[in-house]
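Undergrad: what's the 3D shape of this:
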Amino acid sequence: MKAQQDFFGDQGREKLVQNHMSENEDLRKRSKFLSQLITAVSNFSVQYNFQAISIALLVMSDSVCTSTDANCKDGTQKGWVTSTASAVVFIGAIMGQLSMGYAGDILGRNVAMVMTLSLVVVSALVSALASVGSPTAIYTVIIIARFFLGVGVGGVYPLSATKAAEDSGGSHGVNVIAAGKAFFWQTPGAMGPWLVALLFSQSDAMSPTLKWRLLLALGAVPAALVVMMTVMEMRIKAQIRESIVSAGLDVDNAAHDLTRAQRRSMESRRESRRQVRNSTDDFHDAKTWMGLLVTGGGWFLYDIAFYGVNLFGGEILSEISASDDDNVSSSAAIRNICEKQLIGLSLGIPACILTIICLQYFSSRKLQVGGFVFIGVMFIIMAACFQPLRDSAPNGLFAVYCMLLFSLNFGPNVTTYVLPAQTFPIHIRATLNGMSAALGKVGAFVGVYMFGAMAEATSYGAVMAVCAVFSVIGAVLSLRAVDCPPAHEDDDALVEPLTRNPRSNNRSQEEPFI
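TA: You can find the predicted model right below:
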């Protein structure tokens, strides 16, 4: 076969490559489709598992009680239960974001994706099935399992971002619009547990124990689907590679005959590897750390508000509009809370879509600054209205709450994900992107504990006022962000890969076409 290539020369070789790649076109299309499904479902899995504990704690409050019967019917457990069960997942997520991204560089993106989501599957099932015994024992097992679940879902962030970057087909990496579309699926994921709980509330035949265990266990389903699809994609890529090699073509040279965008993407990564030796200088550069302060600080401030509001959404709604049933775990109360929470969370869908559209007309920096201002205004309105409207006009307060959720899903929800890619050079981007994301989850951890403690000591209105202050700080801090031009969906390349780390010598990272 080698002699055949030499005989035909460059022209014959080019035709041979083209014919061979044409034969694999179907496989490559299947691989691309699977890649899009993997990033979408993995993002769905992240938010489902983050949110599931919020409604599960309400469903199980009466039957698994660590406080007095009256308190548990009101949804109040001992202080360590609610905040720790909600917050511990973020401690694990921080570890997952810092470790699984590195594993993706060493072992390959797909292998690391299988590892991190397999951990999600096991942890979700353990939290649902292994939590038995006394109420204290049950909550302890759930908390431990959710820590490891956090490691798994945290690892999804850098890995799914990297796949969105490498599979987007841009000349230097990721299309910002494509990244936003992948991130969009976190909103339906956040709605998932509330929709499941709403369906369960229609059945009186199901016991509360079965309901909360299924709510937690179902978090394993999307993660297991991603594991299966990733294995399928790995097999397809192996078939393409084997087919190229069996034809007597060198894989790297075959890549040279692909599209102009794919060639430039490979050249960009090779150049970035040559720059690794200078990365130490970058870490000593004050501009690098100022960039981390802006991207990580903005993510930190945003996640305080976002996860604090969303994870305590059920309790906030029970404060806004109580049902006729005084037991928060009853089917009627759960149905009332879920219906309202789903209405509020569903506003995240148009908010995220509007953000993706706005990215075509405004820079990420301007969108993030404007988004923080919008969020701050809504927190101020919510703080001012909470006490006056809670008893006199609960429907009006619910409308304000829905607008708050809309604001939280607009702007920074996407731009905090994008800005690290536009801020840091490619050869140190993976490390600093991971650090920015980890700072975000530190903020989520702070938000969960802050909401629980402050709401108990003061009121939800006071918590909203504090969040308004954080939002203003976020807007001011974001003014120091890089100001890249607006994106366009048909751009050949908008930014470089979100989490591409050139430190890896793993061969699989040099094969964007398979």
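Undergrad: go through the helix or strand hosting W289 and flag the buried ones.
TA: Using DSSP states H and E, W289 sits in helix 286-311. Residues of helix 286-311 classed as buried: 288, 291-292, 294-311 (neighbour count, 16 or more other C-beta atoms under 10 Å). For the C-beta atoms, the positions are set from N, CA and C on the backbone; glycine is no exception.
Undergrad: same question for stretch 390-398, mean pLDDT?
TA: The average of the pLDDT scores along stretch 390-398 is 80.
Undergrad: ok, I91 - contacts?
TA: Going by C-beta atoms under 8 Å, 6 or more residues apart in numbering, I91 touches 147, 150, 445.
Undergrad: how distant is the host helix or strand of it from the center of its chain?
TA: Here I91 sits within helix 79-107, counting by DSSP H and E. Averaging C-alpha positions (C-alpha atoms, centre = their mean, to the nearest Å) puts helix 79-107 12 Å from its chain's average.
Undergrad: where exactly do the helices run in the stretch 51-200 of the chain?
TA: Applying DSSP state H, counting those that start in this stretch to the stretch 51-200 of the chain gives helices spanning 69-73, 79-107, 109-129, 135-166, 176-184, 186-201.
Undergrad: V369: which of those is closest?
TA: Closest to V369 of these is helix 176-184 (C-beta to C-beta; 17.0 Å).
Undergrad: ok so, going back, and the helices of the stretch 51-200 of the chain: which comes nearest L58?
TA: helix 186-201 (8.2 Å).
Undergrad: and the next element down the chain from that closest one?
TA: Following helix 186-201 toward the C-terminus (DSSP H and E): helix 208-217.
Undergrad: which other helices and strands contact that next one?
TA: Helix 208-217 sits against helix 25-60, helix 109-129, helix 186-201, with contacts defined as 3 or more C-beta pairs under 8 Å, 6 or more residues apart in numbering; DSSP states H and E.
Undergrad: rank these by pLDDT, which is bottom?
TA: helix 25-60 (a mean of 85).
Undergrad: burial count for D62?
TA: Other residues near D62 come to 18 when the count uses other C-beta atoms under 10 Å.
Undergrad: need phi/psi at it.
TA: phi -80, psi -40 (degrees, to the nearest 10).
Undergrad: please give me every residue in contact with the closest residue to it other than its chain neighbours.
TA: Nearest residue to D62, sequence neighbours excluded (C-beta to C-beta, 6 or more residues apart in numbering): S329, at 3.7 Å. S329 makes contact with 58-63, 72-73, 75, 208, according to C-beta under 8 Å, 6+ apart.
Undergrad: can we see that at 7 Å?
TA: Neighbour list for S329: 58-59, 61-63, 208 [criterion: C-beta atoms under 7 Å, 6 or more residues apart in numbering].
Undergrad: hang on, M378 packs against Y401?
TA: No - taking contacts as C-beta atoms under 7 Å, M378 lies outside contact range of Y401: 9.3 Å.
Undergrad: can you give me the strands for the stretch 301-450 of the chain?
TA: Counting by DSSP state E, counting those that start in this stretch, one finds no strands in the stretch 301-450 of the chain.
Undergrad: so where's it uncertain?
TA: 310-316, 318-326, 426-430 (pLDDT under 70).
Undergrad: now the helices for it?
TA: Using DSSP H, counting those that start in this stretch, helices in the stretch 301-450 of the chain cover 313-320, 331-346, 348-358, 364-392, 394-408, 412-423, 426-457.
Undergrad: with mean neighbour count and distance to V121 added, can I get these in TSV?
TA: TSV is the format used below for the helices of the stretch 301-450 of the chain (neighbours: other C-beta atoms under 10 Å; distance: least, C-beta to C-beta, whole Å):
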stretch	mean neighbour count	distance to V121
helix 313-320	22	25
helix 331-346	21	24
helix 348-358	19	26
helix 364-392	20	34
helix 394-408	20	29
helix 412-423	27	24
helix 426-457	23	21
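Undergrad: can you tell me how far the residue nearest to D62 is from Q77?
TA: If you measure S329 against Q77 using C-beta to C-beta, to the nearest Å, the figure is 11 Å.
Undergrad: any shared contact partners between those two?
TA: S61.
Undergrad: returning to what we had before: phi first, then psi, for the residue nearest to D62.
TA: phi -90, psi 0.
Undergrad: that older thread, okay, angle between the helix holding W289 and helix 25-60 too, please.
TA: 50 degrees (axes from the mean of the first three to the mean of the last three C-alpha atoms, to 10 degrees).
Undergrad: can you start the count at 6 instead of 1 from here on
TA: Will do, 6 is the new start, and the previous item becomes helix 291-316.
Undergrad: which helices and strands does helix 291-316 pack with?
TA: helix 399-413, helix 417-428, helix 431-462, helix 465-483 (3 or more C-beta pairs under 7 Å, 6 or more residues apart in numbering; DSSP states H and E).
Undergrad: make JSON lines out of the ones you listed and add distance to N54.
TA: Shown next, in JSON lines, are the helices and strands packed on helix 291-316 (distance: least, C-beta to C-beta, whole Å):
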{"stretch": "helix 399-413", "distance to N54": "19"}
{"stretch": "helix 417-428", "distance to N54": "18"}
{"stretch": "helix 431-462", "distance to N54": "13"}
{"stretch": "helix 465-483", "distance to N54": "24"}
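Undergrad: which of the ones you listed sits closest to F38?
TA: helix 417-428 (22.8 Å).
Undergrad: apart from its neighbours in sequence, what residue is nearest V86?
TA: Y144 (5.2 Å).
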